[in-house]
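Engineer: Fold the following.
(one chain, ligands or ions: 1)
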Amino acid sequence: MAQRFQTLKGFRDFFPAECAARNYVFDVWRRIARRYGFVEYEGPILEPTDLYRKKSGDEIVGQLFCFQDKGDRDVSMRPELTPTLARMAAAKEREFKKPLRWFSIGQFFRYEKHQKGRGREFYQFNCDILGETSPLADAELMALSIDLMRELGFTKEDFRIRVSDRNAWVSFATDKGVSDGQITDFLQIVDKMERTPKEKTEELLGNLGLTLSDIEGFIASGAEASPALKEVLSNLEARGFAEYVEVDLSIVRGLAYYTGAVFEIFDIGKGMRAVAGGGRYDQLVGLIGGVDMAACGFAMGDMVITDLIRETERPNQLLEVAEAFASGVDVSIVIADPEKQGEAAGVVQQLRESGLRVIAPFSPAKIGKQFQAAEQAGAKLAIVIGGEYPELTVKRLEDRTESTVDVSGLSEAVAGLLSS
Ligand code: HAM
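Structural biologist: Now for the predicted structure:
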């Protein structure tokens, strides 16, 4: 018996309906990014593993799909785009006027435990501003992420953007006597606090000379802890976005390169993982490319957002789009006289050149079967080409009304019928 294959765990097939849904999300991502004046770029899918070892952090390095290539190089499928972007921005630093406003849509790979909202392959929309230190750049990215959610049909009943400042945490820890070498460990304890038993967190903090109540006290101080956050908040408020924003200092983000304001988007009530996340990383371009360049950005994945659209009643456009893929054609040709194959080919070409989506049968079949195929394809019109050619019968499948048209006026007649 033939061996049966399945996708690898955490990898997905995209059948046409799923592809239509995915492309709808891509389309919203692109549209909003352009509205904010961002331009699209792309990097390679395979990178030297060292690029991620530099500053992405242990967690992501532990999840790499990495291997030796035929030239014995240690390479990895990209788990994220930010280190690639840092390399690219540094390499052509002089060629572009700053600040750069760049976005990208691409596929990423992380060997994570496969679960709801998490795969080993996923798409991300990345949006970054490089060469700008003002907190207004952070606010611009947060506003863009809010507008993405709104464009996808969500309201303030559905999501919040939680903002924090990693820099404020570093100052707090330094004031409390945590040494520079221990800061990364400290941030990781805070990052994992929600998912770690309380006693364990207390023990880990104790090793650094801190207590849980120190941490809780700092979290309670909110925006007071960070002048940068205050500026971000008042800018978002001026845009009318205050109701979407929540200060939550418990957010520090898992990736190691963040240096300032950080944020994540969460659904309200559904308890899903973060829909998007990002922040300021002013040192990464220097570390990777040797050029000092301030930067901030975020990424939104396709998996959580798609689940959220499917599970929220209002934003159902995704489902409509997925269903609409079934009507992928405007016109289906019915060849009533097999002798007229050549004429049919000419008609098909004429209609396609006028911009219509047209299909025709590849082999002879009974007329009834051809009409059935037209309906199954979701065609709006069937055009019958038979012995009366150049006279053709055009049938509107919705109400089965018929008209006769000469081939010379076909495109016009079809356009009229489709718009009525
Ligand atoms: P991240 O938080 O690791 O950030 O990922 C951002 C988003 O990508 C997540 O909120 C989630 O939607 C999606 N995502 C991440 N891992 C998976 C997975 N295994 N399966 C499905 N979706 C996933 C970054 O990647 C940063 N590089 C973002 C950034 C850009 N920071 C600055 N610029």
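
Engineer: what sits opposite Leu46 in the beta ladder?
Structural biologist: Applying DSSP bridges to Leu46 gives these bridge partners: Met77.

Engineer: what does the helix or strand bottoming out on mean pLDDT in the chain contact?
Structural biologist: Least confident element among the helices and strands of the chain, by mean pLDDT, DSSP states H and E: helix 317-324 (a mean of 74). In this structure, residues lying in contact with helix 317-324 by Cβ atoms under 8 Å, 6 or more residues apart in numbering are 17-18, 20-21, 23-25, 152-153, 306, 309-310. In this view, the C-beta of every residue, glycine as well, is placed from N, C-alpha and C.

Engineer: Of those, which count as buried by neighbour count?
Structural biologist: The neighbour-count test (16 or more other Cβ atoms under 10 Å) marks 20-21, 24-25, 152-153, 306, 309 as buried among the contacts of helix 317-324.

Engineer: Of those, which belong to helices?
Structural biologist: Cross-referencing those with the helices (criterion: DSSP state H) gives 20-21, 24-25, 306, 309 as the overlap.

Engineer: Pick out the most distant pair among the residues you listed.
Structural biologist: Ala20 and Ile309 (12.9 Å; Cβ to Cβ).

Engineer: on that earlier part again, wait, which of the contacts of helix 317-324 is closest to the ligand?
Structural biologist: Nearest to the ligand among the contacts of helix 317-324, counting by Cβ to the nearest ligand atom, is Thr306 at 10.0 Å.

Engineer: ok, back up a step: turn the contacts of helix 317-324 into JSON lines, columns for distance to Tyr244.
Structural biologist: Putting the contacts of helix 317-324 into JSON lines (distance: Cβ to Cβ, whole Å) gives the following:
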{"residue": "Ala17", "distance to Tyr244": "31"}
{"residue": "Glu18", "distance to Tyr244": "29"}
{"residue": "Ala20", "distance to Tyr244": "28"}
{"residue": "Ala21", "distance to Tyr244": "24"}
{"residue": "Asn23", "distance to Tyr244": "26"}
{"residue": "Tyr24", "distance to Tyr244": "22"}
{"residue": "Val25", "distance to Tyr244": "19"}
{"residue": "Leu152", "distance to Tyr244": "13"}
{"residue": "Gly153", "distance to Tyr244": "14"}
{"residue": "Thr306", "distance to Tyr244": "20"}
{"residue": "Ile309", "distance to Tyr244": "17"}
{"residue": "Arg310", "distance to Tyr244": "21"}
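
Engineer: Kindly indicate which of those residues lies nearest Gln350.
Structural biologist: Each of the contacts of helix 317-324 was scored against Gln350 by Cβ to Cβ, and Ala20 proved nearest at 27.6 Å.

Engineer: what about that closest one, distance to Ser56?
Structural biologist: 33 Å (Cβ to Cβ, to the nearest Å).

Engineer: and what of Glu132?
Structural biologist: 22 Å.

Engineer: cool, Leu136 as well?
Structural biologist: 27 Å.

Engineer: Could I get the contacting residues of Met88?
Structural biologist: By Cβ under 8 Å, 6+ apart, Met88 lies in contact with 41, 43.

Engineer: wait, is it part of a helix?
Structural biologist: Yes. Judged by DSSP: H, G, I helix; E, B strand; the rest coil, Met88 forms part of a helix.

Engineer: Quick check: the gap between it and the ligand.
Structural biologist: Shown here: Met88 relative to the ligand, a distance of 13 Å by Cβ to the nearest ligand atom, to the nearest Å.

Engineer: What of Ser171?
Structural biologist: Using Cβ to the nearest ligand atom, we find Ser171 at a distance of 21 Å from the ligand.

Engineer: residues in contact with that residue?
Structural biologist: Contacts of Ser171 were listed using Cβ under 8 Å, 6+ apart, and none were found.

Engineer: in what helix or strand does it lie?
Structural biologist: In the assignment (DSSP states H and E), Ser171 maps to helix 166-175.

Engineer: again with Leu392
Structural biologist: Taking DSSP H and E as the criterion, the element that holds Leu392 is strand 391-396.

Engineer: strands paired with that strand, and their directions?
Structural biologist: According to DSSP bridges, the neighbouring strands of strand 391-396, each with its direction, are strand 381-385 (antiparallel), strand 402-406 (antiparallel).

Engineer: looking at those, which is buried most?
Structural biologist: Burial among the strands paired with strand 391-396, expressed as mean neighbours by mean count of other Cβ atoms under 10 Å, is greatest for strand 381-385, which shows a mean of 24.

Engineer: picking that back up, only C-alpha atoms, please: export the least confident helix or strand of the chain in PDB.
Structural biologist: Below are the C-alpha coordinates for helix 317-324, written out as PDB (Å, rounded to 0.1, in the frame of the first residue of the first chain):
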ATOM      1  CA  GLN A 317     -15.800  39.400   7.100                       C
ATOM      2  CA  LEU A 318     -13.100  36.700   7.100                       C
ATOM      3  CA  LEU A 319     -15.800  34.000   6.900                       C
ATOM      4  CA  GLU A 320     -17.500  35.900   4.100                       C
ATOM      5  CA  VAL A 321     -14.300  36.100   2.200                       C
ATOM      6  CA  ALA A 322     -13.600  32.500   2.700                       C
ATOM      7  CA  GLU A 323     -17.100  31.600   1.400                       C
ATOM      8  CA  ALA A 324     -16.800  34.000  -1.500                       C
END
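
Engineer: buried residues in that helix?
Structural biologist: Using 16+ other Cβ under 10 Å as the burial criterion, the residues of helix 317-324 that qualify are 317-318, 321-322.

Engineer: dump the residue contacts of the closest residue in space to Arg118 that isn't next to it in sequence.
Structural biologist: Residue nearest to Arg118 in three dimensions, not counting chain neighbours: Glu112, with 5.2 Å by Cβ to Cβ, 6 or more residues apart in numbering. Taking Cβ under 8 Å, 6+ apart, we find Glu112 in contact with 10, 63, 118-120.

Engineer: Only the buried subset of these, as a PyMOL command please.
Structural biologist: The following PyMOL selection, which keeps only the buried ones among these, applies the criterion 16+ other Cβ under 10 Å:
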select buried, resi 10+63+119+120
